[in-house]
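> missing the sequence, but the structure's below:
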């Protein structure tokens with residue numbers, strides 16, 4: 001698998017929290033695995049695109065710095081007894 005394919009697969013596993021901001025009149029995107037990094041979009045769709053681009057950049061910068069990537073937060077439903 002190429003490093004680009006591996007990076008794309010990794011990118012798809014990171015979380016995005018998208019919330020409307022009345023103050024900014026935009027959708028604000030945060031990436032829980034990379035605290036303190038935000039982006040935004042005027043529409044929900046634009047916010048998703050900006051979030052994906054931010055995740056790609058964060059992965060690239062982290063790897064360039066020689067640091068390990070954070071583990072993605074994986075959603076799991078609780079077990080039903």
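Looks like it came in fine. Since we're looking at a predicted model, the values are computed, not measured.
> tell me the strands beside the host helix or strand of residue 20, with direction?
Assessed by DSSP states H and E, residue 20 sits inside strand 17-21. If you go by DSSP bridges, strand 17-21 pairs up with strand 26-30 (antiparallel).
> what stretches of the protein score poorly on pLDDT?
Low-confidence segments of the chain (pLDDT under 70): 1-12.
> try it again with 80
Confidence mapping of the chain against pLDDT under 80 gives the ranges 1-12, 77, 80-81.
> ok so, going back, what lies in contact with the strand holding residue 20?
Contact with strand 17-21 is made by 26, 27, 28, 29, 30, 31, 32, 40, 44, 47, 48, 51, as judged by C-beta atoms under 8 Å, 6 or more residues apart in numbering. Where you see a C-beta, it was placed from the backbone N, CA and C, and this is true even at glycine.
> out of these, which is nearest to residue 81?
Checking the contacts of strand 17-21 against residue 81 by C-beta to C-beta gives residue 32 as the nearest, at 28.8 Å.
> list the residues that contact that closest one.
By C-beta under 8 Å, 6+ apart, the contact set of residue 32 is 15, 17, 73.
> switch to 6 Å and redo it
15, 73 (C-beta atoms under 6 Å, 6 or more residues apart in numbering).
> so it, which of the three states?
Using DSSP: H, G, I helix; E, B strand; the rest coil, the structure places residue 32 in coil.
> again, but for residue 46
The assignment at residue 46 comes out as helix when based on three-state DSSP.
> which residue ranges of this structure form helices?
For the chain, the helices defined by DSSP state H cover 3-11, 44-64.
> residue 25 versus residue 71, what's the distance?
Remark: distance between residue 71 and residue 25 (C-beta to C-beta, to the nearest Å) = 34 Å.
> likewise for residue 46?
In terms of C-beta to C-beta, residue 46 sits 13 Å off from residue 25.
> cool, residue 69 as well?
Applying C-beta to C-beta to residue 69 and residue 25 gives a distance of 33 Å.
> for the two, indicate the residue with more neighbours.
Neighbours were tallied for residue 69 and for residue 25 using other C-beta atoms under 10 Å; the higher tally belongs to residue 69 (14 against 9).
> who are the neighbours in contact with that one?
By C-beta under 6 Å, 6+ apart, the contact list for residue 69 reads residue 62.
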